[in-house]
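> Here is my input, please return the structure:
(2 chains)
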Amino acid sequence: MNPQMLDLLLQSFWETCYMVFVSTAISTLIGIPLGVILTVTRKNHILPNPTINQVLGVIVNATRSTPFIILMVAIIPLTRLIVGTSIGTTAAIVPLTISAAPFIARIIEGNLLEINPGIIEAAQSMGASPMQIITKVLLPEAMHSIVLGVTLAIVSLIGYSAMAGTLGGGGLGDLAIRYGYQRFQPDVMIATVIVLIIMVQAMQSLGDHVSKKLNKNKL
Amino acid sequence: MIKLVNVEKTYYSKAGDIHALKTTNIEINQGEIFGIIGLSGAGKSTLVRCINMLEKPTAGQVYVDGQELTSMSDAQLRKARQNIGMIFQHFNLLTSRTVAQNIAFPLEIQGKSKAEIDKRVKEMLELVQLEDRGDYYPSQLSGGQKQRVGIARALASNPKVLLCDEATSALDPQTTQSILQLLKDINEKLHLTIVMITHQMEVVKTVCDRVAVIENGIIIEEGNMVDIFSNPQHPTTKEFTKTVTGDIPDAIKRKKLSPTYTEGSSLLAQLTFIGDSADEPVVSGLIKRFDVEVSILFGNISELKNTPYGTLIVEIEGDHAAIDKALQYLKERDLKLEVLGYESANA
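Just a heads-up that it's a prediction; the model follows:
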C-alpha cells in the first residue's frame, strides 16, 4: 500500500471515530433519560404511568424495527434541517444517533430492571424522592452494566457507520467500498477490515475493564 | 407510638381479590419491642409495610408518633418516613456504595452537610461495632455484618421507630443472637420503639415485650410476651410456643391416662414456672410435706427476654388422699398447673 493510501486510511479512520463517538455521546445522553422513563413508568415501579410508558415504547420499537439503511434515507429532510446538509460525516451522525438512542434506552431499561427491588424499597423507606432514587440508587447501581450496554452500542455504531459511508458519510466503510470493492484493491479492503477489528476489540476491552472497575458486587 | 385503626389491605386482581390484611387494630407503645409473628403468607410483611406506607392500606388509618400517615401527601410522607427506620431480611444495601456511604445515604437524602454526615456515620459505625469496615463494600461482608450496616443505616437519621422485616431470618443462629442483642441494646440505650416481624419464635422469646400472632391476615392473639408463652390460647399460637418451650415428649403423650383416680394409679402433671416462682423448690416441698414420691419425667428451662421460664412434667405416686393434698399444694403455688391425668399402676 502506498503512502497516499495510508493517508487515506488514516483519514477514514478518524472520520469513523468522529461519527461513532459523537453519535455515541449524543445517543447516550438521549438514551439514559429515555431508558429511565421507560423503567420508572412501568407498572409497580416508582412512577407508574401506563400512557407515557406505552407511547414511548411504541416510538422506541418503531425506530428499532426500521432497518438502518432505510431510516437513514427516510430522515434525510430532518438531517438537512439539523446540520444543513444530508451528505458528509457530520450529516451521518443524525441517523446514527437516531438509531442508537432507542437501542441504548432499551439496554438501560433492562439494566435498571435488574436492580433488586428491595434496594429501591429500602430507599423509599428512608424517604427518598423518585428523583433521588433515580440519581442515587438506580443509575449508580446499574452503572457497571450500563457501561457494557454502551460498549455494545459503540460496536454496533462502528458497523452502522460503514453503511452511513455509502451515503457520502465517509469513514472506513466508505473507503472499503470505493477502493477495495469498486477499484479492485483487496489490500485496502483487508486493511480497513483489520482496522475495524482492532477498533471493536479495543472498545470491547475498554468497556469490559471499566465495567469491572465499577462493579463492586463481585469483589 | 404506633396505632393502626381498622387497617385493611386488599390486592385487587383479575384472578380474584386477595385480602392480605383484614380489619387490623394494633397499638404499639413508645420504647417497647413489639413482635409480630406468623407463618409465610400470614400477612405480616404487608402489616409492617402499612406502618411506613410502603404498602398503602385500602382502608383504615395509620398513626406514627401522633401523625396520621394515611392522610399525607407524598412529600409529607417522605418527611415522615425519615422518622421510621427499616431493616430487611436481605439487608438491601446499595452494592455500589461502601459501608460508610450506605450509612450516609439517608442523610444525603435529607440534604445534611458533609461534616454532619461524616460525624454521624462515624457514630453509627461505632454503635454497630464496625469501626474498621467503613471503606468495605457490602459484598466483602458477612451476613451479620451486612445486617449491622442495615441497622446503622436505618438509625442514622435518628428515627423514633425501627421496623424489622424478618431481620434475622437469613442469618445463622449465632449471628441471629448477636443481632438480637444489638437490637435489645439499642432499644434500651436509645429508647427506640422496635417492631419485629418474624416467623422465628426464638426471636420473639429473646427480645419482645409484647407480641401479636397473625394468621390469614387476622391478628388471632395479642398480649404480653410472657403471657402468650405461658398461656397460649389459639392453636396456631400453641404451635409457635411449642418450638421454644419444648413440646411434651411423645413417650408421655402416648401414655394411656385416665381423668380420674383409680386405686394405685399415679398422677401426671405439667408444672410451668414463670419468673421468680422458677426458683421455688416445689418438688422437694411436695416430698417433705406429703407422703408421695415425685419423679420428673421431663423438664425444660429457658428464658423469655429476662424472665426465667421452666416446664416440668412430674409423676406423683402415693395414696389418693396424699395425691389430692399434693395437688392442692401445687394449686396454691405461684405456678401454672395442668393435670395431664392418672396412669394406672398396671399400665
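> residues contacting B:Ile248?
Counting by C-beta atoms under 8 Å, 6 or more residues apart in numbering or on different chains, B:Ile248 makes contact with B:270, B:298, B:313. To be clear about C-beta, it is placed using only N, CA and C from the backbone, and glycine gets the same treatment.
> mind redoing it with 10 Å?
Listed by C-beta atoms under 10 Å, 6 or more residues apart in numbering or on different chains, the contact set of B:Ile248 reads B:242, B:270, B:297-298, B:300, B:311, B:313, B:340.
> before we move on, what about A:Thr66?
A:72, A:74-75, A:98-99.
> just B:Asn231 next, same as before
So B:Asn231 contacts B:223-224, B:237-238, B:241, B:272, B:274, B:336 (C-beta under 10 Å, 6+ apart).
> Now tabulate those residues in TSV and tack on distance to B:Met201, neighbour count and pLDDT.
Shown next, in TSV, are the contacts of B:Asn231 (distance: C-beta to C-beta, whole Å; neighbours: other C-beta atoms under 10 Å in any protein chain shown; pLDDT from 0 to 100):
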residue	distance to B:Met201	neighbour count	pLDDT
B:Gly223	15	16	93
B:Asn224	15	14	92
B:Thr237	10	22	90
B:Lys238	11	14	87
B:Thr241	7	21	84
B:Thr272	16	19	84
B:Ile274	16	19	81
B:Lys336	18	15	83
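> Take these and keep only those in helices.
Members of the contacts of B:Asn231 lying in helices (criterion: DSSP state H): B:237-238, B:241.
> Output these as CSV; include the columns distance to B:Tyr261.
Shown next, in CSV, are these (distance: C-beta to C-beta, whole Å):
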residue, distance to B:Tyr261
B:Thr237, 32
B:Lys238, 28
B:Thr241, 30
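> would you turn those into JSON lines with distance to chain A?
Formatted as JSON lines, the ones in helices among the contacts of B:Asn231 follow (distance: C-beta to the nearest C-beta, whole Å):
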{"residue": "B:Thr237", "distance to chain A": "29"}
{"residue": "B:Lys238", "distance to chain A": "33"}
{"residue": "B:Thr241", "distance to chain A": "31"}
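> Check those against A:Arg106 and report the nearest one.
B:Thr237 (51.4 Å; C-beta to C-beta).
> quick one, what contacts that closest one?
B:37, B:201, B:211, B:213, B:215, B:220-223, B:228-229, B:231.
> can you rerun that using 7 Å?
B:213, B:220-221, B:228 (C-beta atoms under 7 Å, 6 or more residues apart in numbering or on different chains).
> for the chain, which spans come out with low pLDDT?
Chain wasn't specified; assuming chain A. A:218-219 (pLDDT under 70).
> Not quite, go with chain B.
Short version for chain B, where the test is pLDDT under 70: B:246, B:277-280, B:346-347.
> tell me the SS of the spatially most central residue of it?
In chain B, the residue lying closest to the centroid (C-alpha atoms, centre = their mean) is B:Val204, at 1.9 Å. Per DSSP: H, G, I helix; E, B strand; the rest coil, the secondary structure class of B:Val204 is helix.
> so it makes contact with B:Ile37?
Yes. Using C-beta atoms under 7 Å, B:Val204 makes contact with B:Ile37 at a distance of 5.5 Å.
> Show me whatever sits in contact with both of the two.
Joint contacts of B:Val204 and B:Ile37 (C-beta under 7 Å, 6+ apart) are B:198, B:211.
> mind putting the contacts of B:Ile248 in a markdown table, secondary structure included?
Shown next, in a markdown table, are the contacts of B:Ile248 (three-state DSSP):
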| residue | secondary structure |
| --- | --- |
| B:Lys242 | helix |
| B:Gln270 | strand |
| B:Leu297 | strand |
| B:Phe298 | strand |
| B:Asn300 | strand |
| B:Thr311 | strand |
| B:Ile313 | strand |
| B:Leu340 | strand |
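> Select only the buried ones of those in ChimeraX?
Entered in ChimeraX, the line below selects the buried ones among these, by 16 or more other C-beta atoms under 10 Å in any protein chain shown:
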select /B:270,297,298,300,311,313,340
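> closest to A:Asn61 among the contacts of B:Ile248?
B:Lys242 (57.5 Å).
> Secondary structure element for the residue minimising distance to the centre of chain A, which one?
Most central in chain A under C-alpha atoms, centre = their mean is A:Ala153, positioned 3.6 Å from the mean C-alpha point. Assigned by DSSP states H and E, A:Ala153 belongs to helix A:139-164.
> With B:Gly35 instead?
strand B:33-37.
> Which strands and helices lie in contact with the helix or strand following that strand?
Per DSSP H and E, strand B:33-37 leads on to helix B:44-51 as the next helix or strand towards the C-terminus. The elements that helix B:44-51 packs onto, with contact taken as 3 or more C-beta pairs under 7 Å, 6 or more residues apart in numbering or on different chains; DSSP states H and E, are strand B:2-11, strand B:18-28, strand B:33-37, strand B:59-64, strand B:161-165, strand B:193-198.
> Out of those, which gets nearest to chain A?
Nearest to chain A among the helices and strands packed on helix B:44-51 is strand B:161-165 (7.8 Å), distances taken as C-beta to the nearest C-beta.
> Show me what that closest one is in contact with.
B:1-2, B:45, B:48, B:51-52, B:64, B:83-89, B:154-155, B:192-197.
> can we see that at 8 Å?
For strand B:161-165, contacts defined as C-beta under 8 Å, 6+ apart pick out A:125, B:1-2, B:45, B:48-49, B:51-52, B:64-65, B:83-89, B:151, B:154-155, B:183, B:186, B:192-198.
> hmm, back to that, so for A:Gly207, which of the helices and strands packed on helix B:44-51 sits nearest?
strand B:161-165 (37.7 Å).
> and the next element down the chain from the closest one?
helix B:173-190.
> centre of the chain versus the helix or strand where A:Ala25 lies, how much separation?
Per DSSP H and E: A:Ala25 is located in helix A:3-40. For helix A:3-40, the gap between its own C-alpha mean and the chain's C-alpha mean amounts to 7 Å (C-alpha atoms, centre = their mean, to the nearest Å).
> what angle do that helix and helix A:139-164 make?
Inter-element angle recorded for helix A:3-40 and helix A:139-164: 140 degrees (by axes from the mean of the first three to the mean of the last three C-alpha atoms, to 10 degrees).
> where does chain A come near chain B, residue by residue?
Counting by C-beta under 8 Å from any C-beta of the partner chain, the positions of chain A adjacent to chain B are A:116, A:118-119, A:121-129, A:132, A:136-137, A:140-141, A:143-144, A:214, A:216-219.
> Not counting its neighbours along the chain, what's nearest B:Lys325?
Distances taken as C-beta to C-beta, 6 or more residues apart in numbering or on different chains place B:Phe290 nearest to B:Lys325, at 5.3 Å, with adjacent residues excluded.
> which SSE is B:Leu327 in?
helix B:320-332.
> Contacts for that helix next, please.
B:261, B:266-267, B:269, B:271, B:282, B:285-286, B:289-292, B:316, B:318, B:337, B:339.
> nearest to chain A, of those?
B:Leu271 (45.5 Å).
> For that closest one, give the beta-bridge partners.
B:Leu312, B:Leu337 (DSSP bridges).
> how close does it get to B:Ile316?
11 Å (C-beta to C-beta, to the nearest Å).
> what does B:Leu94 give?
On the measure of C-beta to C-beta, B:Leu94 and B:Ile316 end up 62 Å apart.
> Chain A contacts on chain B?
Checking chain B against chain A by C-beta under 8 Å from any C-beta, the hits are B:52, B:54, B:75, B:77-82, B:84-86, B:88, B:90, B:92-97, B:105-106, B:108-110, B:137-140, B:153-154, B:157, B:163.
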